[in-house]
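In: Any chance you could fold what I've pasted below:
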Amino acid sequence: MTRHGGGTARDIVLVGNEVDELGGVGRWQTFMARLFAERGHRVTVVGVAPAGSPFDLGEDPPFRTLTLHDARPPGRRPVRGLRGRIDPVARRREAVRERERREAAGRLTALLRESRPGAVVIVTQVWAMEWVALADTAGHTVIGMSHESFGTSRSSSRFARVKRYYKDVDRLLVLTREDADLWIGEGLNHVGFMPNPVPLEPGPPSPRTDKVVAAVGRLGYEKGYDLLLDAWAEVSPRHPGWRLRVHGSGPDEEALRRRCTALGLDGSVEWAGRTEDVAGALRRSSVFVLASRGEGFPLSLLEAMSRAVPCVAFDCAPGVREIVRHEEDGLLARPGDTAELARHLGRLLEDPGLRDGMGDRAYRNVRRFSPAAVTDRWEELFDLLER
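Out: Numbering: from 1, shown residues only. Okay, the predicted model is just below:
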């Protein structure tokens, strides 16, 4: 079967932790599902569990959805000593957990058995791979993904699970060549890399006239908003009239607001909450800042650049420096160096010519990650793996 525009129309099944969880991977998963569907592929998005903080998939999305469990399944409880191994209550609990996991994997197997020859299973998160590993994927191409940097993965429990659960997939994809080389060094010789696409449709650039520095993301430890406030405490007194506008919500919001007050920044920091109009928020800003402690291939940088907004960021991952070219279309600071982050912000705030030049170059350079270009790369990979 051929798709519109030529090539093979496939069944594509994206399997993640949730179908519609608010966050970078969830947004990427939904966006790619739409891009694949627009190319004529038949797409299903599968989640292991319901989302805790769901986002709106929109009216009549062009893909099917399936959630394997009605509630988030419990994790395996550690068993300590002989007594733990023979405890009948613990053994029954583990037996129930395992039976429910296999029943859920059976629902995925049933879906895959309905798929046409040449189907592709894309596992977007390694936790979800635990269910894919239990399902019958015979005859289908399985692609595993890690949406974080090698360094971030290595510092978490996901590192061992990537090596365990992805070792036999047809291809493991990470976000940059640099990360792929590091995983190959761990003995995984089937690793490739695939960048994220710009997640916004082409639109008008920011005029860069508002005295606003924008930040977009979940208010959690990994995103480094505490570090951003420390940097802003150095920037704000030297640049009166400029505001830091934070778009997002999360578990650290109350603590961050208290820190903001303690630093005397209430007059120059605006807590704007979650927004469904990221493009509009970026068009109303002149600079974008990312102070994350760790990242993969941050969509927020792509979004800002697609609106001609120059970016200042911590160089915390290969994906960051893959997107932002230091001193060309943005500025990168050493990870955690709030003084350097503050200096870079200051340069852009006080120099409209620098701001405009970097913003215009960002608008041009980000096109290498256009949805069409990235989807082409995916389809080329599907053809390669089918041979």
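In: Report the distance from stretch 200-212 to the chain centre.
Out: With C-alpha atoms, centre = their mean, to the nearest Å as the basis, stretch 200-212 stands 22 Å off its chain's centre.
In: Same check on stretch 112-122?
Out: In terms of C-alpha atoms, centre = their mean, the centre of stretch 112-122 is found 25 Å from the chain centre.
In: Please save the CA atoms from that stretch in PDB.
Out: Provided in PDB are the C-alpha atoms of stretch 112-122 (Å, rounded to 0.1, in the frame of the first residue of the first chain):
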ATOM      1  CA  LEU A 112      -0.200  -5.600  16.900                       C
ATOM      2  CA  ARG A 113      -1.800  -8.700  15.400                       C
ATOM      3  CA  GLU A 114      -4.300  -6.400  13.700                       C
ATOM      4  CA  SER A 115      -1.500  -4.400  12.100                       C
ATOM      5  CA  ARG A 116      -0.500  -4.800   8.500                       C
ATOM      6  CA  PRO A 117       2.900  -6.200   7.400                       C
ATOM      7  CA  GLY A 118       5.700  -3.700   7.700                       C
ATOM      8  CA  ALA A 119       4.300  -2.200  10.900                       C
ATOM      9  CA  VAL A 120       6.700  -0.200  13.100                       C
ATOM     10  CA  VAL A 121       6.500  -0.100  16.900                       C
ATOM     11  CA  ILE A 122       8.200   3.100  18.400                       C
END
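In: That stretch: which residues count as buried?
Out: Using 16 or more other C-beta atoms under 10 Å as the test for burial, stretch 112-122 gives 112, 115, 118-122. To be clear about C-beta, it is placed using only N, CA and C from the backbone, and glycine gets the same treatment.
In: So what touches it?
Out: Stretch 112-122 is contacted from outside by 1, 8, 10-15, 32, 42, 132, 135-137, 139-143, 145, 382, 385-386, using C-beta atoms under 8 Å, 6 or more residues apart in numbering.
In: mind running it again at 6 Å?
Out: The contact list for stretch 112-122 (C-beta atoms under 6 Å, 6 or more residues apart in numbering) reads 10-14, 137, 140-143, 382, 386.
In: Just confirm residue 66 is within a strand.
Out: Yes: the assignment for residue 66 is a strand, going by DSSP: H, G, I helix; E, B strand; the rest coil.
In: what residues are up against it?
Out: Counting by C-beta under 6 Å, 6+ apart, residue 66 makes contact with residue 46.
In: please begin residue numbering at 490 from this point
Out: Noted, 490 is the first residue going forward, which turns the last one into residue 555.
In: Please name the bridge partners of it.
Out: Beta bridges link residue 555 to residue 535, judged by DSSP bridges.
In: Give me the pLDDT for it.
Out: Residue 555 is assigned 97 on the pLDDT scale.
In: Do a quick rundown of the strands in the stretch 690-839 of the chain.
Out: Applying DSSP state E, counting those that start in this stretch to the stretch 690-839 of the chain gives strands spanning 701-705, 732-736, 758-760, 776-779, 800-803, 819-822.
In: who does the fourth one touch, helix- and strand-wise?
Out: When contacts are defined as 3 or more C-beta pairs under 6 Å, 6 or more residues apart in numbering; DSSP states H and E, strand 776-779 sits against strand 701-705, strand 800-803.
In: CA atoms only for it, dumped as CSV, please.
Out: What follows is strand 776-779, C-alpha atoms only, in CSV (Å, rounded to 0.1, in the frame of the first residue of the first chain):
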residue,chain,number,x,y,z
VAL,A,776,14.7,36.7,24.7
PHE,A,777,14.2,33.1,25.8
VAL,A,778,16.1,31.5,28.7
LEU,A,779,16.6,27.9,29.6
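In: Centre of the chain to it, how far?
Out: Computed by C-alpha atoms, centre = their mean, the chain-centroid distance of strand 776-779 equals 17 Å.
In: how is the chain carved up into domains?
Out: Using automatic domain parsing, the domain parsing of the chain gives 500-568+584-686+859-875, 701-858.
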